[in-house]
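Peer 1: Got a sequence here, can you model it:
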Amino acid sequence: MHKQTLSFQAEVKQILHLVTHSLYSNKEIFLRELVSNASDACDKLRFEALNNNGLYEDQPNLEVRVSFDPEARTVTISDNGIGMSAEEATAHLGTIAKSGTREFMARLEGDQKKDAALIGQFGVGFYSGFIVADRITVESRRAGLSPEEGVRWSSEGAGEFEVEAITKEKRGTDVTLHLREGEEEFLSTWRLKSIIGKYSDHISLPILMRKETWDAEKKEQVTTDEWETVNKAAALWTRSKSDVTDAEYKEFYKQLSYDSEPPLAYTHNRVEGRTEYTQLLYIPSKAPFDLWNRDKRGGVKLYVKRVFIMDDAEALMPVYLRFVKGVIDSADLPLNVSRELLQESRDVKAIREGSTKRVLSMLEDLAENQKEQYAKFWEQFGAVIKEGIGEDHANQERLAKLLRFASTQADSDVSFADYVSRMKEGQEAIYYITAETLAAAKNSPQLEIFRKKGLEVLLLADRVDEWMLSHLVEFDGKPLQSVAKGAVDLGKLQDEEEKKHAEEAAEAFKPVLEKLKAALKDRAKDVRVTTRLVESPACIVVEEGDMSAHLARLLKQAGQQAPKSQPILEVNAEHPLVKKLEADEARFDDLAHLLFDQAWLAEGGQLDNPAEHVQRVTRLLSE
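Peer 2: So this is what the prediction gives:
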C-alpha cells in the first residue's frame, strides 16, 4: 500500500478541535487512556488465541512498554497485543462509531473548563494524545499477518491523516507522541511512573519502563537498557481486601467508570461454594446521562480467571441495577462464553442473584447507617430502583423497604416503615396519591378529609409510580390504598355521627344527584355525594379496579391506547356552589358542566373542548 492521505470523519474533526483547544486541565490522563487501550489490545489477543494459539507467534508473554526520548521529544506506548491491519487502522483511528460522541462534544462545548476525565467515557480515548502532542504516529501489525503487512498511521490532529504500508517484525502497536512545546514534564521517568502508579496500577499485565541508575560522574540519573515492571501487575480485585486501601478502591472506580466523582459505596467479596467468583461492585454518586435508556447495554465487566471477556455483561445484573459499575471475575465460566450463553448458564444465574443481594445489602447499609448518603443516592437513582418492584419479585420485600417518598407530613425521605410507625390508632391502610408533579399531588382536593383527620398521605409523582403500584399492593400486612380510587372508607377513624350526617346529606341531595347524572351522562360514569371533600365543591375519582386518570394520561403521552372509561364525579353537598345548583334551575346545566370541568382540571386533566368551557364561564360571569 502506497502512502495515502485521508480525511477524518466529521465527528473526529470536531473532537480533535475540542481536545486541542479545550482540554487543558489534567493533561496526564492521556497516558491512562493509551495504556488502557494497549491493555485492551493484549486482552483481545488472549481471547482470540483461545481458538488459534498461533497468534502468540514467538511472544507468549503479553506486556505494555512505556518509553521516552528527550532528544526527539517523544513518548511511546507499545504493546504486543492483537495489533491492527491497514484497514483496521483507517477504520478505528479515522472514524468513530460511538453513539455518545455528540453528547461528549455537547458536554465539552457547554463548559470549556471541563477536564479530560470525560474523554474515555465515549470511546474516544486515543485522541486524548493530542492534548500533549502536535503529531501522533502509530505503527502496528495484526497478529497472524506477515511482517510486510504492517501499517503506519500518522496525523497532526487537523483534518487529515496518512496511512502507509511498513515492515514490522513484531506484532502489536506502537503509539508515539511528538510532544508540543511546553510539555517537557512528560519526558521524565519519575513523572511517567507516577502517572502509571496513579491510574494503571491495577492492570494485570506488566507495564515496563527502562530502569534508571545514578551516574556518579555526570551526577544525574541515566536510563539503562534494562526494563522493569512499574505497576503491581495484579488485578486489584484479586488482591486481599486488607491489602487494598480505600483510596485505591476509589481510584480504580474512576478508571473503571470514567467518573470524576468518587463512588457512594463499594463492596469487594470472594464468593466460594458451588459457584466461585470475585465481585467488586460500586454504586456511583451521580446518574449517567443515559440512565433512562433501558435499551442501552448496562452492567459490569466480566472476567474469567482474570481474562477479560466483555464490557457491560448485562446478564450479571438486573436491569433496574443498570447503574452499578464493577468487575465480576468467575472461576467457573468457560473462556469462550458468549452473550447468548450468559443468558442460559446456571452459574451466571447464581452470580446474578448473589451480586443483586450484595448490592441491596450495600443500599440497606447506606439507608440504615448513612442517611445523608442514601438521600443523595435516592435523588439520583430512586426512580430506577422502583422498576425492581415489578421486575424482581424475589427481592420485592427488600426493595419496598428501600423506597422513599414525599408525604403530607414531610417533603422527602419517608419510608414505608416511617409511615407505618406514624399511623393513627384504627388506621388500617397506607394512603397514597399519584400525580404528574409533587405540587399537584400536594394540592389535590382529594386530600382534604385526610388533612382534617390528620392522616398522612404519601405523595407520588414519578412516572414509574403507577406501574410500580400495580405490582406492590401491601407493606408489612398493610394494604396500599389510593385516595383517588373508590369510595373513602376511613373505618374506625370516622365516628358514627359523621357517618350519619353523610348518609342524611346524600339522601337529601338525591334529586339533585339524579339531575347531575342526566346532565353529565356523556362525561361521568356516576355522580355521588363525597365524604373526602371539606373545602372543594367536587373531585374526580375512579372505581377501585379502574385505571387512574393519571396513568391514562401517561399512556397517551407514550403513544399507547388507554382503555376508555369514564370517571366518577363526587360532589360536596355542603359547598355553596353545589347548593347553588338546587336553587338555579336556569343555569343548572352550565353549573353542572363547570363543576365537572373544575374537578377535572384540579386532577391534572386536559379539557376536550376548552373553547366550550371558556364560553360557559363567560356566560355565567356576564349573568
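
Peer 1: Please count neighbours and contacts with C-alpha atoms only from this point.
Peer 2: Noted.

Peer 1: now the helices for the stretch 501-623 of the chain?
Peer 2: 510-519, 549-557, 576-583, 588-602, 610-622 (DSSP state H, counting those that start in this stretch).

Peer 1: With mean pLDDT added, can I get those helices in JSON lines?
Peer 2: Shown next, in JSON lines, are those (pLDDT from 0 to 100):
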{"stretch": "helix 510-519", "mean pLDDT": "87"}
{"stretch": "helix 549-557", "mean pLDDT": "67"}
{"stretch": "helix 576-583", "mean pLDDT": "80"}
{"stretch": "helix 588-602", "mean pLDDT": "88"}
{"stretch": "helix 610-622", "mean pLDDT": "88"}
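
Peer 1: Of all those, which one is nearest Leu402?
Peer 2: helix 549-557 (23.6 Å; Cα to Cα).

Peer 1: how far away is Lys401 from Tyr253?
Peer 2: Distance, Lys401 to Tyr253, using Cα to Cα, to the nearest Å: 28 Å.

Peer 1: neighbour-wise, which of these two wins?
Peer 2: Tyr253 (25 against 16; other Cα atoms under 10 Å).

Peer 1: Next up, the contacts around the more buried one.
Peer 2: 259, 262-263, 282, 325-326 (Cα atoms under 8 Å, 6 or more residues apart in numbering).

Peer 1: Rounded mean pLDDT for the lengthiest helix in the chain, please.
Peer 2: Ranked by residue count and defined by DSSP state H, the top helix of the chain is helix 346-369. On average, the pLDDT along helix 346-369 is 94.

Peer 1: next one: stretch 42-61
Peer 2: 90.

Peer 1: Flag every buried residue along that stretch.
Peer 2: 42-48, 55-56 (16 or more other Cα atoms under 10 Å).

Peer 1: mind checking which helix or strand the closest residue to Val175 other than its chain neighbours is in?
Peer 2: Closest residue to Val175 apart from its sequence neighbours, by Cα to Cα, 6 or more residues apart in numbering: Val138 at 4.6 Å. In this assignment (DSSP states H and E), Val138 forms part of strand 133-141.

Peer 1: Find the centremost residue of this protein, please.
Peer 2: Leu291 (3.0 Å; Cα atoms, centre = their mean).

Peer 1: show me the contacts for Asp215.
Peer 2: Counted by Cα under 8 Å, 6+ apart, Asp215 has contacts 221-222.

Peer 1: ok, now Glu160?
Peer 2: Glu160 touches 5-8, counting by Cα under 8 Å, 6+ apart.

Peer 1: quick one: Ala367 and Leu569, what's the gap?
Peer 2: For Ala367, the distance to Leu569 - Cα to Cα - is 41 Å.

Peer 1: Looking at the two, which one has more neighbours?
Peer 2: Each of Ala367 and Leu569 had its neighbours counted (other Cα under 10 Å), and the higher figure belongs to Leu569 (25 against 19).

Peer 1: what's that one in contact with, if anything?
Peer 2: Applying Cα under 8 Å, 6+ apart, the residues contacting Leu569 are 524-528, 538-541, 596, 599.

Peer 1: Hmm, His575 and Ser536 touching each other?
Peer 2: Yes - here Ser536 reaches His575: they are 7.2 Å apart, a contact under Cα atoms under 8 Å.

Peer 1: Compare these two (neighbour count), which wins?
Peer 2: With neighbours defined as other Cα under 10 Å, Ser536 and His575 compare such that Ser536 has more, 20 against 15.

Peer 1: What's the separation between the residue nearest to that one when sequence neighbours are not counted and Asp392?
Peer 2: Leaving out its chain neighbours, the residue that sits closest to Ser536 by Cα to Cα, 6+ apart is Pro445, at 6.2 Å. Distance from Pro445 to Asp392, counting by Cα to Cα: 35 Å.

Peer 1: what about those two, which has more around it?
Peer 2: Neighbour tally, Pro445 and Asp392, criterion other Cα under 10 Å: the higher count belongs to Pro445, 22 against 15.

Peer 1: Which pLDDT value belongs to the more buried one?
Peer 2: 88.

Peer 1: Please apply the same query to Ser99.
Peer 2: 39.

Peer 1: what's the answer for Leu208, then?
Peer 2: 96.

Peer 1: Each with direction, which strands does the host helix or strand of it pair with?
Peer 2: Counting by DSSP H and E, the element that carries Leu208 is strand 207-215. Using DSSP bridges, the strands paired with strand 207-215 in its sheet are strand 64-69 (parallel), strand 220-229 (antiparallel).

Peer 1: Next, the angle from the helix or strand that comes right after the first one to strand 207-215.
Peer 2: In this case it means strand 64-69. Later in the chain than strand 64-69, the nearest helix or strand by DSSP H and E is strand 74-79. Angle of strand 74-79 versus strand 207-215, following axes from the mean of the first three to the mean of the last three Cα atoms, to 10 degrees, is 130 degrees.

Peer 1: what pairs with strand 74-79, and is each one parallel or antiparallel?
Peer 2: Strand 74-79 has these strand partners (DSSP bridges): strand 64-69 (antiparallel), strand 172-179 (antiparallel).

Peer 1: For burial, what's the neighbour tally of the closest residue to Lys579 other than its chain neighbours?
Peer 2: Nearest non-adjacent residue to Lys579, counting by Cα to Cα, 6+ apart: Ala573, 6.7 Å away. Number of residues near Ala573 (other Cα under 10 Å) recorded here: 24.

Peer 1: Tell me the spacing between Ser470 and Val542.
Peer 2: In terms of Cα to Cα, Ser470 sits 15 Å off from Val542.

Peer 1: Tell me which of those two has more neighbours.
Peer 2: The neighbour count for Ser470 versus Val542, taken as other Cα under 10 Å, is higher for Val542 (22 against 10).

Peer 1: Which positions are bridged to the more buried one in the beta structure?
Peer 2: Counting by DSSP bridges, Val542 is bridged to Lys485.

Peer 1: Show the contacting residues for the residue nearest to Ala506 when sequence neighbours are not counted.
Peer 2: Distances taken as Cα to Cα, 6+ apart put Val529 closest to Ala506, at 5.7 Å, once the chain neighbours are dropped. With contact taken as Cα under 8 Å, 6+ apart, Val529 is in contact with 505-506, 509, 513, 570-573.

Peer 1: Including mean neighbour count, distance to Trp378 and mean pLDDT, could the strands paired with strand 207-215 go into CSV?
Peer 2: Formatted as CSV, the strands paired with strand 207-215 follow (neighbours: other Cα atoms under 10 Å; distance: least, Cα to Cα, whole Å; pLDDT from 0 to 100):
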stretch, mean neighbour count, distance to Trp378, mean pLDDT
strand 64-69, 20, 41, 96
strand 220-229, 13, 43, 87
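
Peer 1: Adding distance to Ala410, write those strands out as JSON lines.
Peer 2: What follows is the strands paired with strand 207-215, written out as JSON lines (distance: least, Cα to Cα, whole Å):
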{"stretch": "strand 64-69", "distance to Ala410": "56"}
{"stretch": "strand 220-229", "distance to Ala410": "57"}
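
Peer 1: Tell me which residues touch Thr275, please.
Peer 2: Going by Cα under 8 Å, 6+ apart, Thr275 touches 331-332, 347, 350-351.

Peer 1: Phe252 too?
Peer 2: Contacts of Phe252 (Cα under 8 Å, 6+ apart): 199, 202, 236.
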